[in-house]
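K.L.:
sequence plus predicted model, see below.
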Amino acid sequence: MFYRDERLALFIDGSNLYAAAKSLGFDIDYKLLRQEFMRRGKMLRAFYYTALLENDEYSPIRPLVDWLNYNGFTMVTKPAKEYTDSMGRRKVKGNMDIELAVNAMELAPHVDHVVIFSGDGDFRPLIESLQRQGVRVSVVSTIRSQPPMIADELRRQADNFIELDELRDVVGRPTREPRPEFVGEVADDSE
């Protein structure tokens, strides 16, 4: 439940929201997402958290990060760490939980309602602390994916759980399929 006069802040765990939307078969339209929550209350901030691979020539997330930065989102990024696991596979680690928690705690005295876009159970103590400070907390994730993308304890701790799949018509756009490459000649049907 939202109230039009409440001060609102969004905290988007980028990789978690991306994975949840993908599991439901759609992409997030961040312009629509921002508009939807501006309609629900007086939005003070919309934070977006993501780790970036700095050593790659081109990062597929860079255009999104740049767009969000120029369109009203407060970007919180850090370099992702690359390592090789015990099986010799290249892995990337870029957890942003601490940054999100610190920003939420700093902003708590200035907001009435926090919306966390993540299903990560590690955020349960953060939600408890925000609630003790008088802040209402909504969590956006999904239980409709297999397996569910939200930890049960997180969903139960939140004042309000918002099923991401129910926001699909408001903030979603269909996932883009890779465009087929045109090989060879274009058929001419005029014969």
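P.N.:
Looks like it came in fine.

K.L.:
buried residues of stretch 125-135, list them for me.
P.N.:
126-127, 130-131, 135 (16 or more other C-beta atoms under 10 Å). For glycine as for every other residue, the C-beta is placed from the backbone atoms N, C-alpha and C.

K.L.:
what do you get for stretch 132-146?
P.N.:
For stretch 132-146, the buried set under the neighbour-count rule, 16+ other C-beta under 10 Å, comprises 135-143, 145.

K.L.:
returning to that earlier point: sort out which of the buried residues of stretch 125-135 are in helices and list them.
P.N.:
Among the buried residues of stretch 125-135, the residues falling in helices (DSSP state H) are 126-127, 130-131.

K.L.:
turn those residues into JSON lines, including pLDDT and distance to Q157.
P.N.:
Compiled in JSON lines, these are given as follows (pLDDT from 0 to 100; distance: C-beta to C-beta, whole Å):
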{"residue": "L126", "pLDDT": "98", "distance to Q157": "9"}
{"residue": "I127", "pLDDT": "98", "distance to Q157": "5"}
{"residue": "L130", "pLDDT": "98", "distance to Q157": "10"}
{"residue": "Q131", "pLDDT": "98", "distance to Q157": "8"}
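
K.L.:
mind listing the helices for the protein?
P.N.:
Across the chain, reading from the start of the chain, the helices by DSSP H fall at 14-24, 30-40, 62-70, 97-107, 124-132, 152-157, 168-171.

K.L.:
JSON lines for these, including distance to R89?
P.N.:
What follows is the helices of the chain, written out as JSON lines (distance: least, C-beta to C-beta, whole Å):
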{"stretch": "helix 14-24", "distance to R89": "18"}
{"stretch": "helix 30-40", "distance to R89": "31"}
{"stretch": "helix 62-70", "distance to R89": "24"}
{"stretch": "helix 97-107", "distance to R89": "23"}
{"stretch": "helix 124-132", "distance to R89": "30"}
{"stretch": "helix 152-157", "distance to R89": "29"}
{"stretch": "helix 168-171", "distance to R89": "33"}
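
K.L.:
start and end of stretch 54-63, how far apart?
P.N.:
14 Å (C-alpha to C-alpha, to the nearest Å).

K.L.:
same check on stretch 16-36?
P.N.:
The first-to-last residue distance of stretch 16-36 comes to 20 Å (C-alpha to C-alpha).

K.L.:
ok, back up a step: closest one of the buried residues of stretch 125-135 to G72?
P.N.:
V135 (21.6 Å; C-beta to C-beta).

K.L.:
quick check: the closest one touching I116?
P.N.:
No - V135 lies out of contact with I116 (C-beta atoms under 8 Å); the separation is 11.0 Å.

K.L.:
which residues does the helix or strand of the chain with the lowest mean pLDDT contact?
P.N.:
Of all regular secondary-structure elements in the chain, judged by mean pLDDT, DSSP states H and E, the least confident is strand 90-93 with a mean of 78. Judged by C-beta atoms under 8 Å, 6 or more residues apart in numbering, the contacts made with strand 90-93 from elsewhere in the structure are 51, 53, 80-85.
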